[in-house]
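Asker: Kindly return the folded structure for what I paste below:
(2 chains)
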Amino acid sequence: MKRFKPFTIALFVASLVFAPLFLNTYQVDVLNSIGLYTLLALSLNLILGEAGLFNMGHAAFYAIGAYTSAILNTRYQIPILWTLPLSGLIAGLFALVVARPVVHLRGDYLLIVTIGVGEIVRIALVNDVFGLTGGANGIFSISRPKLLGFTIRQPQEFHYLIWGFVALTIFLFIRLKQSRFGRALNYLREDEVAAEGIGIDTNYYKLAVFGLGAAWAGMAGTLFAAKMTIVSPESFSFWESVMLFMIVILGGAGSITGIVVAAFLVIGLPELFREFAGARMLVFGLVMMVMMVVRPQGLLPARSQQLSPTLLKESNR
Amino acid sequence: MNSFSANDGDRELPLLALQGLTKTFGGLTAVKDVSFTVEKGAIVGLIGPNGAGKTTVFNLITGNYQSDRGQIIFADQLLNGLRTHRIIMRGLARTFQNIRLFHQLTALENVLAGCHYRMRGGIIASMLRFPTQQHEEQAAADCAWRELEFVGLGQYGWIAAKNLSYGDQRRLEIARALATQPRLLILDEPAGGMNEQETKALIGLIGQIQERGITILLIEHDMRLVMQVCEKLVVLEYGSKIAEGSPDQVRCDSKVIEAYLGAEDEA
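Answerer: As a prediction, the model looks like this:
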């Protein structure tokens, strides 16, 4: 924990807390997007960064969460935030079902399968499966979220909801990282044969992390549906999955700080340079190429020490 | 109690028994009808020229491969068909010929892997840091530090495994295996790549492991080590067992001499 910089983090948190006071509505909205992508990238990081399982279909789980909330809210008038756990549950269960038969696949093969899953979900949404998803138009007039009797409408208000959830997520994920479960994921990433050969049920952990990552993406989907009040298939394209994949790799797989920074760069920078929107892909492509050559471990690679405070007490030995 | 000769009538109850083990890869028979036993508390060496099928036997025991025929009986229970982590949970642990550590992780985290299966804390317990989960983590850390110190790596707990010397990496792998609290430890060329000094220390370490009541089965090419520590040797050639017995018996066995002469130097 030597590189832990409490000051930088306090400054970052403070500027996020006070940001809505200084920024205009559009800028706050961009921050909210960054927050959602941070949330999604953190959930993908469990699968891709911590466990080393190539998943380029993460938008599918996001979509399932968003649509679950949208359907429950518009059809059954369930308050949108109440649907949060259910979205997570359904996205997680879906992930378990699709991952079960393919999770033994290695790296690149798993990547291709997950791309397929992402596309299948998107196309199913476009084709209005079960007459629930509203086809290409999607579902609209989702009601505004209410929190303790207070209706959240403005981007400034969503800012606190979204970034509050990001903060909670980081808090929980750091603890998860510093535990038996988190370590098991790392063993899996480092050497699957050795992990199995030391008593770790690798299949279980692969499935569990897919379920957990997908559940979190599903809950991010609920926030997305609440923020937009409309969900449609185009929000969950293959490109979304690629962006998330990019954020995790760019930030430094397994590094929570790196992922937050990368989310700001990948989502925030293009907004700053809107007039050059046409060159965005060009720049992304170049940046990825340069990164892979110059700094393949990511901007802020994960530290190898990830132990809970109780274990760190022993460090004076 | 560890004195052993192949033809003893009153041999100890075997901890591990292989019966007629056979494994083919495509048309190639890697292991052919191999049977031997490992007695409780003993140190047994599995030797043979390169490509004789020694590592394949290990992989069959630990469930990395499934045998075509034959039985693997460990502590009176059949291991055939079990997945590797289940076999480890029964009290078997192994190291690998080509070191398979978690290279990016610290030595301590590597050893903690061995404690993993005895712990219970799941996702929710970890996220909310339940007191029981914290106690468990602490107990695991204590166990891991003990094993690190046992193999002489106590001061390297916070060093990433990849930054340790080759010999230390081998010792770390042994510590990780010991952390599973095995009854039988399977070492695949533990002295591979070690210098004389390190090998000498390893011989001492193997003795200490035996003193803890852990049975050892090892593959080794270093004949000095094998002759010094093993009470019993099993010799494989072309996947078949050609000899079995005490080091002295094996050394004089004509088949063994034939197998080794020309293939590599006799030590």
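
Asker: Longest helix in the chain, please.
Answerer: Went with chain A since none was named. helix A:202-228 (DSSP state H).

Asker: Chain B is the one I meant
Answerer: Longest helix in chain B, counting by DSSP H: helix B:131-150.

Asker: Now do the helices for the chain: every range, in order, please.
Answerer: Went with chain A since none was named. Using DSSP H, helices in chain A cover A:6-22, A:25-45, A:58-76, A:84-99, A:107-126, A:155-177, A:180-190, A:192-196, A:202-228, A:238-251, A:256-263, A:269-272, A:280-294, A:309-312.

Asker: wrong one, chain B
Answerer: Counting by DSSP H, the helices of chain B are B:54-61, B:84-89, B:107-115, B:123-127, B:131-150, B:166-178, B:196-211, B:223-229, B:247-252, B:254-260.

Asker: what pLDDT does the spatially closest residue to B:His103 that is not a sequence neighbour get?
Answerer: Excluding its sequence neighbours, the residue lying closest to B:His103 (CB to CB, 6 or more residues apart in numbering or on different chains) is B:Lys162, at 3.9 Å. Glycine gets a C-beta too; all of them are placed from N, C-alpha and C. Here the pLDDT value assigned to B:Lys162 is 93.

Asker: who's in contact with B:Lys162?
Answerer: Neighbouring residues of B:Lys162 by CB atoms under 8 Å, 6 or more residues apart in numbering or on different chains: B:Leu101, B:His103, B:Gln104.

Asker: What is the neighbour count of A:Leu207?
Answerer: When neighbours are defined as other CB atoms under 10 Å in any protein chain shown, A:Leu207 has 16 of them.

Asker: what's the pLDDT at it?
Answerer: 96.

Asker: separation between it and A:Leu96?
Answerer: Separation of A:Leu207 from A:Leu96 (CB to CB, to the nearest Å): 6 Å.

Asker: Also B:Tyr156?
Answerer: In terms of CB to CB, B:Tyr156 sits 39 Å off from A:Leu96.

Asker: who's more crowded, those two?
Answerer: B:Tyr156 (20 against 16).

Asker: which non-adjacent residue is nearest the more buried one?
Answerer: Closest to B:Tyr156 by CB to CB, 6+ apart is B:Ala107, at 5.0 Å.

Asker: from what I can see the one you found touches B:Gln155, true?
Answerer: No. Assessed by CB atoms under 8 Å, B:Ala107 is found out of contact with B:Gln155, at 9.7 Å.

Asker: neighbour count winner among these two?
Answerer: Neighbours per residue, other CB under 10 Å: of B:Ala107 and B:Gln155, the larger number sits with B:Ala107, 29 against 11.

Asker: for the more buried one, what are its contacts?
Answerer: B:Leu148, B:Leu153, B:Tyr156, B:Gly157, B:Trp158, B:Ile159, B:Ala160, B:Ala161, B:Leu164, B:Leu172, B:Ala175.

Asker: Which of these ranks first by neighbour count?
Answerer: B:Ala175 (28 neighbours).

Asker: Hmm, that one is touching B:Gly152, no?
Answerer: No. Contact criterion CB under 8 Å: B:Ala175 and B:Gly152 do not qualify, at 9.1 Å.

Asker: related to what we said a few turns ago, how far off helix A:58-76 does the longest helix of chain A point, in degrees?
Answerer: 50 degrees (axes from the mean of the first three to the mean of the last three CA atoms, to 10 degrees).

Asker: Which positions in helix A:202-228 come out as buried?
Answerer: The neighbour-count check on helix A:202-228 (16 or more other CB atoms under 10 Å in any protein chain shown) flags A:202, A:205-228 as buried.

Asker: Would you point to the one among the helices of chain B that's packed deepest?
Answerer: Stretch with highest mean neighbour count among these: helix B:107-115 (a mean of 28; mean count of other CB atoms under 10 Å in any protein chain shown).

Asker: export that one as PDB, just CAs?
Answerer: C-alpha atoms of helix B:107-115 as PDB (Å, rounded to 0.1, in the frame of the first residue of the first chain):
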ATOM      1  CA  ALA B 107       5.300 -15.000  -2.300                       C
ATOM      2  CA  LEU B 108       2.800 -14.700   0.500                       C
ATOM      3  CA  GLU B 109      -0.200 -14.600  -1.800                       C
ATOM      4  CA  ASN B 110       1.200 -17.600  -3.600                       C
ATOM      5  CA  VAL B 111       1.300 -19.600  -0.400                       C
ATOM      6  CA  LEU B 112      -2.100 -18.300   0.600                       C
ATOM      7  CA  ALA B 113      -3.400 -20.200  -2.400                       C
ATOM      8  CA  GLY B 114      -2.700 -23.400  -0.600                       C
ATOM      9  CA  CYS B 115      -4.800 -22.300   2.400                       C
END
